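Q: Need a 3D model of the sequence below.
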Amino acid sequence: MSQQTQQQSALSFENTEIAFRSKSNADLNKAYWLFKIIANNFLTNIGPPVTNFALRAGLPIKGLIRSTIFNHFCGGETIDGCVPAIERLANQQVGTILDYSVEGEDTEQVFDDTCQEILRTVAYAKTNPNISFSVFKPTGLGRFDLFEKVNAKQPLTPEETSEYERVKQRVERICQTCFDNGVKVLIDAEHSWIQDAIDDIALDMMRRYNRNAPVVYNTYQLYRHDKLASLQADYYLAETDGFFLGAKMVRGAYMEIERARAKEMGYPSPIQPDKEASDRDYNLAVLFCLDHLDRVGFMAGTHNEASSKLLAEEMDKRQLPHNHPHIFFAQLLGMSDNLSFNLAEVGYNVVKYMPYGPVKAVMPYLFRRAQENTSVAGQTGRELSLITKEKRRRKSGK
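A: Coordinates of the predicted model:
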């Protein structure tokens, strides 16, 4: 039996000893109570307005937020503040994606500042082998309304044309810097009604910087019924034009908003009819990328155990090395540690998204994480069951 076959046979997403190796008993207890609170829909729903009010009123709750939900889902407030969390992941062979998660601002100064901060993550990644990806959210570099107008192919004013050029310049500066420094970069997905404009920019960046290897990765949300076809079309374009397709595949994060907007505005929903359809297209996308690995670099961004197992098993069937440079698994910090650390334990390339930024500024991100945990069927219950299992294992001394 080959070493890789032995490793595959050892892969289990039920191994809580490996999943929670870096957590003390106190850490486990904190995580248990945090997910218990998140599981309470009432608290999740009233938490955002109450917390926002308290922050605006200057009430002293930042310390409470920092020691609970912030510490669980974020690496720190600055790049330097993330170093201990980066090292903890690296100790279990898991890499980091530093994700500057400040949201909700839309001035040119803030867009320039965000660009500069992302460039700092690239500079840091060059010095730290535990960070091989940078990432940015397009609406962190330009106005949502501007993307919406471009996406709808509405004519821009001269001022808006100049503004959009600045957006594209920020994107190009980040991609060029990543290319120059040997750092891969992920372009996050957004709402469907601005995504076409973002896809156009992403493909343009791939044409420029993915000639020799996948450097720029666009994101494909497979909870949309049209995104498997988009992925395939982009691959054939890459093949024709002679560049590598970089693809990060996720299920998606805006389902309720997308369906509500489609209903309100009277157009067909872009969202899959059911979870089974999303799962089917996600797994087909994984297989498609594996079938064309000579010209595709991809990241399976998923908390879904079945999809993660499918990719791991397919790699072994095809006799691909676990650390193949074109294949990465990714999960969010603070979630699905049973996937991340068990995959890394047997040699797969695994990275965690590590959000960071000032506590107040990353609250929209944290609220979204909490709400997604309650809306994704079984996610919170799964986290709680694994934590409970590990607590029992430690108590029994096994």
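Q: And for whichever strand or helix holds Ile198, what's in contact with it?
A: Per DSSP states H and E: Ile198 is located in helix 192-209. For helix 192-209, contacts defined as C-beta atoms under 8 Å, 6 or more residues apart in numbering pick out 138-139, 144, 147-148, 150-152, 168, 171-172, 175-176, 178-179, 187, 189-190, 215-216, 218, 221, 224, 230, 234, 237-238, 241, 243-246, 254, 258, 261, 270. Glycine gets a C-beta too; all of them are placed from N, C-alpha and C.
Q: For stretch 343-360, measure first residue to last.
A: 33 Å (C-alpha to C-alpha, to the nearest Å).
Q: scratch that, stretch 126-142 is what I was asking about
A: 26 Å.
Q: Next, the buried residues of it.
A: Neighbour-count burial for stretch 126-142 flags 128, 130-142 (criterion: 16 or more other C-beta atoms under 10 Å).
Q: quick one on the thing from earlier: what about the contacts of helix 192-209, which are in strands?
A: Counting by DSSP state E, the contacts of helix 192-209 place 187, 216, 218, 221, 245-246 in strands.
Q: Export those as a markdown table, with columns for neighbour count, distance to Met315 and pLDDT.
A: Converted to a markdown table, the ones in strands among the contacts of helix 192-209 look like this (neighbours: other C-beta atoms under 10 Å; distance: C-beta to C-beta, whole Å; pLDDT from 0 to 100):
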| residue | neighbour count | distance to Met315 | pLDDT |
| --- | --- | --- | --- |
| Ile187 | 24 | 25 | 98 |
| Val216 | 28 | 23 | 98 |
| Asn218 | 23 | 22 | 98 |
| Gln221 | 27 | 23 | 97 |
| Leu245 | 25 | 18 | 98 |
| Gly246 | 28 | 18 | 98 |
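Q: Just the buried subset of the contacts of helix 192-209, please.
A: So, by 16+ other C-beta under 10 Å, the buried ones in those are 138-139, 147, 150-151, 171, 175, 178-179, 187, 189-190, 215-216, 218, 221, 224, 230, 234, 238, 243-246, 254, 258, 261, 270.
Q: Next, find the distance separating the most centrally placed residue in the chain from Thr302.
A: Central residue of the chain (C-alpha atoms, centre = their mean): Tyr353, 5.6 Å from the mean position. Distance of Tyr353 to Thr302, computed by C-beta to C-beta, to the nearest Å: 12 Å.
Q: just Lys168 next, same as before
A: 30 Å.
Q: go on, Thr78?
A: Counting by C-beta to C-beta - Thr78 and Thr302 are separated by 29 Å.
Q: now do Asp234
A: 19 Å.
Q: go on, Gly140?
A: 23 Å.
Q: Go ahead and confirm the residue nearest to the centre of the chain touches Val135.
A: Yes - look at Tyr353 against Val135 with C-beta atoms under 8 Å: they come within range, at 7.3 Å.
Q: Mutual contacts of the two, please.
A: 97, 99.
Q: Would you format the ones in strands among the contacts of helix 192-209 as JSON lines with distance to Lys275 included?
A: Listed next are the ones in strands among the contacts of helix 192-209 as JSON lines, based on distance: C-beta to C-beta, whole Å:
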{"residue": "Ile187", "distance to Lys275": "26"}
{"residue": "Val216", "distance to Lys275": "30"}
{"residue": "Asn218", "distance to Lys275": "24"}
{"residue": "Gln221", "distance to Lys275": "14"}
{"residue": "Leu245", "distance to Lys275": "26"}
{"residue": "Gly246", "distance to Lys275": "27"}
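Q: Of these, which pair is most distant in space?
A: Greatest spatial distance in the ones in strands among the contacts of helix 192-209: Val216 and Gln221, 17.3 Å, computed using C-beta to C-beta.
Q: Which residues are in contact with the residue lying closest to Asn212 once chain neighbours are set aside?
A: Leaving out its chain neighbours, the residue that sits closest to Asn212 by C-beta to C-beta, 6 or more residues apart in numbering is Phe244, at 7.8 Å. For Phe244, the contact set (C-beta under 8 Å, 6+ apart) comprises 206, 210-215, 238, 295-297.
Q: Now restrict these to buried residues only.
A: 206, 210, 214-215, 238, 295-297.
Q: Look through this protein and tell me its longest helix.
A: Criterion DSSP state H: the longest helix present in the chain is helix 158-181.
Q: any idea of the mean pLDDT for it?
A: In this model, helix 158-181 has a mean pLDDT of 98.
Q: In the stretch 201-350 of the chain, where is pLDDT below threshold?
A: Along the stretch 201-350 of the chain, the model assigns pLDDT under 70 to no residue.
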